[in-house]
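Engineer: Next come a sequence and a model predicted from it.
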Amino acid sequence: MNFKRFDALSWKIVGFSLTSLALTAAILLVCYYGTSLLLWLNPSHSFWGVKLIRWVTNNIGSTPIVILIGVPLFIFFILKLSRNTTSHLHNISSGVQAIADGNLSFKIPVTGTDELGKLAENMNLMAGKLKSAIDEERAAAKAKNDLITGVSHDLRTPLTSVLGFLEYVEKDRYKNEVELRYYVNIAYEKSLTLKKLIDDLFDYTRVSSNGLPLNMEPVDLGKLLEKLVEEFAPVLEQADMTCRIHTDMSPLIIHGDADELVRLYENLFTNAVRYGKEGKILDISVYRKDGRVIATCTNYGNPIPATDLPHLFKRFYRVDKSLSRETGGSGLGLAIAKSITELHGGTISAKSSRKQTEFETSFPASE
């Protein structure tokens, strides 16, 4: 038997009604027997109160008197007993009005487990979800504006250079062919930077829109990174770096899209080469722990300031703006890496000290 049903508002109303009826009946019975006793104690009707009672009884009747006294008593008792319930209903009404006026942080007091209590709880839940939805919409609008601002700013710089040097060529503002080739070469390099930024922006919007189709299949993450390190050898050699990879002997299988995982770790490797080449070494470790496959990418270059660590995976965020411009960083590589990781149900984090900087990815292991 579900005893919670007895807390329902309908049962409370029945209880209020029956209790009020019982109290009214009790008072009427007390009055009836009281007047009967009074009449019995004064048979001569000499007391004026007895005369009045007798007159009312003879001329009006007992039934109208019972109704006249009983109805107000019943109303009084039912209002008195339901005072807490009506007060709660008033609080809910005031709360709904406050929420309707835009105060979505307002909390309606929840008292009891009846329908009114559940209504107050649901109204609070609705207001909370509505507030979250509005906050998310505002955050999305801000993110959109920030994206447009960031893209405009980052595209303008190389494009201005390209247009400037092409203007020199167009208006024959060069002394000789050597200077002409110099201007063309700078315009070409800036165009490559522009293309890289556009490609990164396209990749970011593609992977962060949750509309990227993934070809999910079992992937041995250790083998994948070993192959990627081999393919990355020319880049490492150009940066005068060596790579050491450490993997478990057993397969390290995760469920993922191999092409997108390659893109993820290409971004991490590129970031390590770009900002950690002073350390000369790139260490890659892949292992299994607590039902997950962990991959770390460690370099020994300059540390990342603690104030910058929480913002590393935000789009267009650069720790060293001047260095990023020089090395061609778009500020999107780590944001892309984070989006790809999350699309695979994984997590990515970074930590840095004076000794080393480490990026760690973690994915659910596949049996």
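Structural biologist: All right, it came through fine.

Engineer: Give the helix, strand or coil label for Tyr287.
Structural biologist: strand (DSSP: H, G, I helix; E, B strand; the rest coil).

Engineer: Show the contacting residues for it.
Structural biologist: Residues near Tyr287 by Cβ atoms under 8 Å, 6 or more residues apart in numbering: His246, Thr247, Asp248, Leu252, Val293, Ile294. (C-beta placed from N, C-alpha, C; glycine too.)

Engineer: so which of the residues you listed is the most crowded?
Structural biologist: Val293 (25 neighbours; other Cβ atoms under 10 Å).

Engineer: ok now stretch 195-203, how far from the chain's centre?
Structural biologist: Between the centre of stretch 195-203 and the centre of its chain there are 28 Å (Cα atoms, centre = their mean, to the nearest Å).

Engineer: Likewise for stretch 17-37?
Structural biologist: Distance of stretch 17-37 from the chain centroid (Cα atoms, centre = their mean) equals 60 Å.

Engineer: If you count neighbours, what's buried in it?
Structural biologist: Judged by neighbour count (16 or more other Cβ atoms under 10 Å), stretch 17-37 contains these buried residues: Ser20, Leu23, Thr24, Leu28, Thr35.

Engineer: so Arg263 makes contact with Ile340?
Structural biologist: Yes - here Arg263 reaches Ile340: they are 6.3 Å apart, a contact under Cβ atoms under 8 Å.

Engineer: for this structure, which helix is longest?
Structural biologist: helix 115-170 (DSSP state H).

Engineer: C-terminal to it, what's the next element?
Structural biologist: helix 177-208 (DSSP states H and E).

Engineer: For that next one, which helices and strands make contact with it?
Structural biologist: helix 115-170, helix 333-343 (3 or more Cβ pairs under 8 Å, 6 or more residues apart in numbering; DSSP states H and E).

Engineer: Now do the buried residues in the helix or strand that that helix is followed by.
Structural biologist: Next along the chain after helix 177-208, taking DSSP H and E as the criterion, comes strand 217-220. Neighbour counts over strand 217-220 (16+ other Cβ under 10 Å) mark Val219, Asp220 as buried.

Engineer: what pairs with strand 217-220, and is each one parallel or antiparallel?
Structural biologist: strand 253-256 (antiparallel) (DSSP bridges).

Engineer: For the strand it pairs with, which outside residues touch it?
Structural biologist: 214, 216-221, 293, 344, 363-367.

Engineer: before we move on, the earlier item: out of the helices and strands packed on helix 177-208, deepest packed?
Structural biologist: helix 333-343 (a mean of 22; mean count of other Cβ atoms under 10 Å).

Engineer: what packs against the helix or strand following that helix?
Structural biologist: Note on helix 333-343: by DSSP H and E, the next helix or strand toward the C-terminus is strand 347-352. On a contact count with 3+ Cβ pairs under 8 Å, 6+ apart, strand 347-352 meets helix 333-343, strand 357-364.

Engineer: Return the member of the ones you listed having the minimum mean pLDDT.
Structural biologist: Lowest mean pLDDT within the helices and strands packed on strand 347-352: helix 333-343, at a mean of 87.

Engineer: what's the angle between that one and strand 347-352?
Structural biologist: In terms of direction (axes from the mean of the first three to the mean of the last three Cα atoms, to 10 degrees), helix 333-343 departs from strand 347-352 by 140 degrees.

Engineer: Work out the gap between helix 333-343 and the centre of the chain.
Structural biologist: For helix 333-343, the distance to the chain centre is 18 Å (Cα atoms, centre = their mean).

Engineer: what's the answer for stretch 16-24, then?
Structural biologist: Between the centre of stretch 16-24 and the centre of its host chain there is 51 Å, according to Cα atoms, centre = their mean.

Engineer: just to revisit the earlier point, inside helices: which ones of the buried residues of stretch 17-37?
Structural biologist: Counting by DSSP H, the buried residues of stretch 17-37 contribute Ser20, Leu23, Thr24, Leu28, Thr35 to helices.

Engineer: Is the spatially closest residue to the second one that is not a sequence neighbour within a helix or a strand, and which one?
Structural biologist: It stands for Leu23. Leaving aside its chain neighbours, Leu23 sits nearest to Phe77 (4.9 Å; criterion: Cβ to Cβ, 6 or more residues apart in numbering). Assigned by DSSP H and E, Phe77 belongs to helix 62-81.

Engineer: Ile245 now?
Structural biologist: strand 242-247.

Engineer: Show the average pLDDT along that strand.
Structural biologist: Rounded mean pLDDT across strand 242-247 is 92.

Engineer: From the contact counts, what lies against it?
Structural biologist: helix 221-231, helix 233-238, strand 281-289.

Engineer: Contacts for it, please.
Structural biologist: With Cβ under 8 Å, 6+ apart, strand 242-247 has contacts from 222-223, 225-226, 229, 232-233, 236, 280-287.

Engineer: related to what we said a few turns ago, in JSON lines: the helices and strands packed on strand 347-352, plus distance to Met126.
Structural biologist: Below are those laid out as JSON lines (distance: least, Cβ to Cβ, whole Å):
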{"stretch": "helix 333-343", "distance to Met126": "29"}
{"stretch": "strand 357-364", "distance to Met126": "34"}
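
Engineer: closest to Ile99 out of these?
Structural biologist: helix 333-343 (33.3 Å; Cβ to Cβ).

Engineer: who does the closest one touch, helix- and strand-wise?
Structural biologist: So helix 333-343, by 3+ Cβ pairs under 8 Å, 6+ apart, packs with helix 177-208, helix 258-276, strand 347-352.
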